[in-house]
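K.L.:
Fold the following and give me the result.
(2 chains)
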Amino acid sequence: MNNIFITAKKELRAIFRDKKFIAVIFLMPLIIPLYIVFMGFLYEDMDSMDKFKIGVNYQMSDVEKEIMKNIGNDLELVESENLDELKNKFNEGEINAYLTLEDGIYNLYVDTSNTEGMSITSLMNAYYEAYNNYLASNFLGEKGINPDDVFNRIKYEVKDQAKEGSSLFINILMSFALCYFIMIITVTAMNTSTDIIAGEKERGTFETLLTFPITSNEIIGGKLMAIVISCILSSLIGISTSIPAFYIVKTQTKMFKTMSIDFSLTTILASILVLVLVSCLVGVISIFLCGKAKTFKEAQGKVSILSFFSMIPMFTGLLNVSSDILYMLPIANGGSVLNDLFLKGFDPRTYTLFVVSSLVVTIVVAAIVSSQYKDEKALF
Amino acid sequence: MIEIKNITKKFQKLDENKKKVTFLADNDISFKVKEGEIVGLLGPNGAGKTTLLRIIAGIMTPNEGEVSIDGMNYKNNDLEIKKIIAFLSGNTKLYKELSPNELMEMCGNYYKVEKSVLDKRIKDIIKRFSMEKFQNQRIENLSTGQTQRVGIARCLVHNPKYYIFDEATSGLDIISSKVILDFIKEEKKNGKGVIYSTHYMEEAENICDRVVLVNKGEIIATGTPAEILKKTKTSNLRDAFFSLIGGVSNE
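P.N.:
Residues are numbered from 1 along each chain as shown, chains lettered A, B, ... in the order given. As a prediction, the model looks like this:
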């Protein structure tokens, strides 16, 4: 049997016989389906939230009410002649904003330090613009001028190019779920490498390993293989539990009813390769960092920097940046490529950029690790 | 034959003012170990014994000199040499999550022992060290004495020509120590060469054919125990050692 396989088998035995690792590898991926279901229902709940209640301290005409109604069904009017009563209701949170008319000026009292206040301000701006246009149109009509000649000099329409079954919420849900895979790989690699590199030194078994007829490259290769297998296993548990979670969200919510995710064989195989390459890269970086530590605790401190790296795909996902530089940025590109695969389909160009950049960086780090482990400082 | 030729090993360490200084762990050490011979490497803690044995076992590289085993050296025949030696140290621990059987199987695989030969050899070793009752238990659940037996057992799976023992009985009770010492005597009878490092002088006096006394990284005397006692006009190796270094204060 090849020395790399013997070493990997030894490490995997150690990993799967340790309760701590069982928790990391088998329980941590369950965060993903829980996240999908939780966020799916949360977005659904947000969409069906109560209407905004707007207090009105003056007599609104039917026309105003009609315009208000046309602005959106999200606004509900609470009319009262008593201004103090409206102020109290606003302060106690019974109404979200209130309107007054003083000396011919319409005033909107609203708290813009929260998202509701911001939304109401936006809706009310639209309302006043529409009402102003209505009044201006009447005025122009009385003067014998066609209002369209003033207000509608040009015509435009919005043509939504979004793919059928896609929406902003679906994209956010998917982006985060896929970035969690990168995070899971990172956490698994961090935990396993800390134990099988620094832990082995601390326990004194590394010296035993060095007495065997095995090269340092074979030791690193075996350990890397064990780390990658652990990461892949963890990811596969995440994938297999995420599919039913997506199904639940799709069938039990209105918002995600139209959700369409590409689960074709090409997508699955391409995404597994993404996970393998990210695992190799994160694994080899973890080995490098742990090689610089003498103790388990010291190694934990050194690999903690990888937690930061695992968050990068989420940031880039939020920014919705799509540039070649991003696809060449190791680890960060993992989330973007997965996102593209499942939501936009296989793009050979960006996928190649990801594969090549990941391979190049992995090989470079592996070469550094190889020379690092030829030095006795890394061994003792 | 194991030939240690002019081995020198330097380390960098920090002095009292936290400045890097070069420290000589071993300085121009040379001796030979023949097949069927037990050579004791004796000296106090910090004498450079462990570093020297790590160099002989191919785990460390010397700054100067070389180790030759059966005409091969580590520069050109690293893996071949490791196949004919076994290294057992008080510092080298066993994989606690494995059972003795699994550990021996793993070692046999590393040494590329043929499966049928390995299976038979593991059976023989288990019988020889009375490990039947705990052969499938995880090492972490074994007693110190049982663990020590497993430690020796794993050195046997590839049937080495030479053994390197570093403080193998350190911290062990009298019964566990006896198991190791009996094993070493038996292997000598089988024609195996042994380097036995210890700071227990009496132990070495009993089992070693020749001894190499080291202090502060340098050889201070070499020969049979009888020769050294005669030379120093002392009655035991402990006194001989103190006589050679000029008293206890030097320790």
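
K.L.:
When you work out contacts or count neighbours from here on, use the C-alpha atoms and nothing else.
P.N.:
Will do.

K.L.:
So what's the residue count around B:Ala47?
P.N.:
Look at B:Ala47: counted by other CA atoms under 10 Å in any protein chain shown, it has 21 neighbours.

K.L.:
so where's the chain shaky on pLDDT?
P.N.:
Just so you know, I chose chain A. A:1, A:47-50, A:73, A:164-166, A:317-322, A:377-380 (pLDDT under 70).

K.L.:
Correction: the question concerned chain B.
P.N.:
B:91-92, B:247-251.

K.L.:
ok, which stretches of it are helices?
P.N.:
B:49-56, B:74-84, B:100-110, B:115-128, B:144-156, B:174-189, B:201-207, B:225-232, B:237-245 (DSSP state H).

K.L.:
And for the second one, what's in contact with it?
P.N.:
Helix B:74-84 is contacted by residues A:211-215, B:57-58, B:67-69, B:72-73, B:111, B:158-162 when judged by CA atoms under 8 Å, 6 or more residues apart in numbering or on different chains.

K.L.:
Would you mind listing the buried residues in it?
P.N.:
B:74, B:78-79, B:81-84 (16 or more other CA atoms under 10 Å in any protein chain shown).

K.L.:
What is the nearest of those residues to B:Lys230?
P.N.:
Set against B:Lys230, the nearest of the buried residues of helix B:74-84 by CA to CA is B:Ile84 (35.4 Å).

K.L.:
mind checking how far that closest one is from B:Cys155?
P.N.:
Distance of B:Ile84 to B:Cys155, computed by CA to CA, to the nearest Å: 10 Å.

K.L.:
Alongside chain B, which residues does chain A contribute?
P.N.:
Contact residues, chain A versus chain B (CA under 8 Å from any CA of the partner chain): A:1, A:3, A:6, A:10, A:13-14, A:17, A:203-208, A:210-215, A:376.

K.L.:
of all the helices of chain B, which lies closest to A:Phe342?
P.N.:
That would be helix B:100-110 among those, by CA to CA, at 42.4 Å.

K.L.:
CA atoms only for that closest one, dumped as CSV, please.
P.N.:
Provided in CSV are the C-alpha atoms of helix B:100-110 (Å, rounded to 0.1, in the frame of the first residue of the first chain):
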residue,chain,number,x,y,z
PRO,B,100,-2.2,-3.1,19.2
ASN,B,101,-3.3,-5.2,16.2
GLU,B,102,-4.0,-2.1,14.1
LEU,B,103,-0.8,-0.5,15.1
MET,B,104,1.3,-3.5,14.1
GLU,B,105,-0.6,-3.8,10.9
MET,B,106,0.0,-0.1,10.1
CYS,B,107,3.7,-0.5,10.9
GLY,B,108,4.0,-3.6,8.8
ASN,B,109,2.4,-1.7,5.9
TYR,B,110,4.9,1.2,6.2
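
K.L.:
Would that helix count as contacting chain A?
P.N.:
Yes. Applying CA under 8 Å from any CA, one finds helix B:100-110 touching chain A at B:106-107, B:109-110.

K.L.:
surely A:Ile95 meets A:Gly55?
P.N.:
Yes. Counting by CA atoms under 8 Å, A:Gly55 is a contact partner of A:Ile95 at 6.5 Å.

K.L.:
Name the residue in the two with the higher neighbour count.
P.N.:
Neighbour totals were compared for A:Ile95 and A:Gly55, and A:Gly55 leads with 27 against 20 (other CA under 10 Å).

K.L.:
Quick check: the gap between that one and A:Ser137.
P.N.:
27 Å.

K.L.:
Out of the helices of chain B, which gets nearest to A:Phe308?
P.N.:
helix B:100-110 (37.3 Å).

K.L.:
ok, now how distant is A:Ser357 from A:Leu338?
P.N.:
15 Å.

K.L.:
Neighbour count for the two, which is higher?
P.N.:
Using other CA under 10 Å as the criterion, A:Ser357 and A:Leu338 rank with A:Leu338 on top: 27 against 18.
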